[in-house]
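>>> show me the folded form of this:
(one chain, ligands or ions: 1)
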Amino acid sequence: MTTKDYSRYPHQYPDASGHFGSYGGSYIPPELQVEMDKITKAYQTISQTHRFIEELRSIRKHFQGRPTPVFHADRLSEMCGGAQIYLKREDLNHTGAHKLNHCMGEGLLAKFMGKKKLIAETGAGQHGVALATAAAYFGLECEIHMGEVDIVKEAPNVTRMKLLGAKVVPVSFGLRTLKEAVDSAFEAYLKDPINSIYCIGSVVGPHPFPMMVRDFQTIVGIESKEQYFDMTGGLPDVVCACVGGGSNAIGIFSAFINDPVKLVGIEPGGRSLNLGDHAATAAFGKPGIIHGFKCYLLQDLEGEPAPVYSIASGLDYPGVGPEHSLLKDEGRISYEVADDKEALDAFYLLSRVEGIIPALESAHAVAYTMKLAKEMELGSILVNLSGRGDKDMEFVTAEYGFSMDEAKKKL
Ligand SMILES: Cc1ncc(COP(=O)(O)O)c(C=O)c1O
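Numbering: from 1, shown residues only. Here you go, the predicted model:
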């Protein structure tokens, strides 16, 4: 855990230049910096106004259906035979994942700023669906960039985005996954930064996005802490969450950072721990720059972002949020790995044992939690179940069948 005082968190980070220690900042062309400065200023003033806060609160309650519950996974806990497992049910947030928490905040800011169009990338499609939903809600245009590989893998979410009125732009260069989708969306944004706003999908990108997305996701932690206390009269021993860019993780961790609670981010171990076969960035990366910010980064021999892979499209990103990078260095968050097979196993198991089909991203956190619960014997673990698995059902069953026994024959 930690001996450092985090009582001023989250106001401790970032500093005025958008740095989390040596991470974060803004490494972008001057013309884009002008626009980022405007967004920073608008966010810092507008988001503190009563009108903004009231409207966001009302959206959270009446449109998103918050608060989402915390659920004691009784049967899963019994099966693991150790620590008690609790799930924060972000899969029950409207659109099926935590992503809508920051998209509605970003959409509301866009409305207050007089923007006409929301632009973003998406990997698993959850951020794309959430942003398309926000655009429909606020009456704005929406353009989502998505790698061709992910378009095939996450077909149900592509249909949802189109139904919601978004234009989906296929990205056909490089590995055709999340990193290239970010490159493509950035390029589109640069063409018209006056009328549009780039709503990045995680706690990544240049300042102010890691701060803004973090702030909008703190609702997950605030609710969880209160709900868990109501249920048990105390604090969990461990809080776990999967980490792609790190938004659902920082959202839930933020409430527990100054408490005697172990915080564990679970990264995708993919097919193997050889470079190119996984996306465990905080665990195996080193400091570098990607998409306008500094963070732990998986790099090739030339120092360029390395190719990455995970069965979960939303986790295969070579960077990680700057706040995660700092909190890793400070020893406040530890980072562990769950591989494709473990995530698949958790995907099937949670479906059968608790009646909850998790997103493949969230299944990584469940997989690690199950292992840890067995080791701990006593105590409790709160897991952020960041999203539901409807988007993954077709892909998983077509590739691997309907149970882990069936899957093992194909793996
Ligand atoms: C359900 C779900 N969980 C987690 C993630 C990973 O993103 P982050 O690390 O920003 O929470 C994604 C990304 O698409 C997702 O769809």
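
>>> ok, and does stretch 187-206 reach over to the ligand?
Yes - interface with the ligand: stretch 187-206 contributes residue 202 (Cβ under 6 Å from any ligand atom). From N, CA and C alone the C-beta is placed, and that goes for glycine too.

>>> report the central residue of this structure.
The centroid of the chain falls nearest to residue 247 when counting by Cα atoms, centre = their mean (3.8 Å).

>>> let me know whether that one touches residue 217 as I believe.
Yes - with contact defined as Cβ atoms under 8 Å, residue 247 reaches residue 217; the gap is 5.2 Å.

>>> so what does whichever helix or strand residue 287 is part of touch, helix or strand wise?
Element membership for residue 287 (DSSP states H and E) is strand 286-290. Packing contacts for strand 286-290, counted by 3 or more Cβ pairs under 8 Å, 6 or more residues apart in numbering; DSSP states H and E, involve strand 293-297.

>>> domain map for the protein?
19-61+99-209, 66-96+218-410 (automatic domain parsing).

>>> mind checking how far residue 107 is from residue 388?
From residue 107 over to residue 388 the distance is 21 Å, taken as Cβ to Cβ, to the nearest Å.

>>> higher neighbour count, these two?
Between residue 107 and residue 388, residue 107 has the larger neighbour count (other Cβ atoms under 10 Å), namely 28 against 22.

>>> any idea what sits nearest the residue nearest to the centre of the chain, other than its immediate chain neighbours?
Nearest residue to residue 247 in three dimensions, chain neighbours excluded: residue 202, at 4.4 Å (Cβ to Cβ, 6 or more residues apart in numbering).

>>> pretty sure that neighbour is in a helix, no?
No - membership of residue 202 in a helix is not supported by DSSP: H, G, I helix; E, B strand; the rest coil, which gives coil.

>>> you'd agree it is up against residue 322?
No - the criterion here is Cβ under 8 Å, and residue 202 misses it with residue 322 at 11.2 Å.

>>> helices along the stretch 251-400 of the chain, start to end?
Counting by DSSP state H, counting those that start in this stretch, the stretch 251-400 of the chain has helices at residues 281-284, 322-329, 340-354, 360-376, 390-400.

>>> can you list the helices and strands that the longest one packs against?
In this case it means helix 360-376. helix 74-80, strand 84-89, strand 238-242, strand 262-270, strand 333-339, helix 340-354, strand 380-385.

>>> could you do the second one as well?
Taking 3+ Cβ pairs under 8 Å, 6+ apart as the contact definition, the neighbouring helices and strands of helix 322-329 are strand 19-20, strand 23-24, helix 209-232, helix 247-253, helix 281-284, strand 293-297, strand 333-339.

>>> and if you look at the last one?
The helices and strands touching helix 390-400, judged by 3+ Cβ pairs under 8 Å, 6+ apart, are helix 155-163, helix 340-354, helix 404-410.

>>> among the ones you listed, which comes closest to the ligand?
Comparison of those against the ligand by Cβ to the nearest ligand atom identifies helix 155-163 as nearest, at 8.9 Å.

>>> and the helix or strand that that closest one is followed by with helix 155-163, angle?
Sequence-wise, the next helix or strand downstream of helix 155-163 (DSSP H and E) is strand 167-171. Here the directions of strand 167-171 and helix 155-163 differ by 140 degrees (axes from the mean of the first three to the mean of the last three Cα atoms, to 10 degrees).

>>> residue contacts, residue 141?
116-118, 135, 167 (Cβ atoms under 8 Å, 6 or more residues apart in numbering).

>>> rerun at 6 Å
Contacts for residue 141 (Cβ atoms under 6 Å, 6 or more residues apart in numbering) come out as residue 117.
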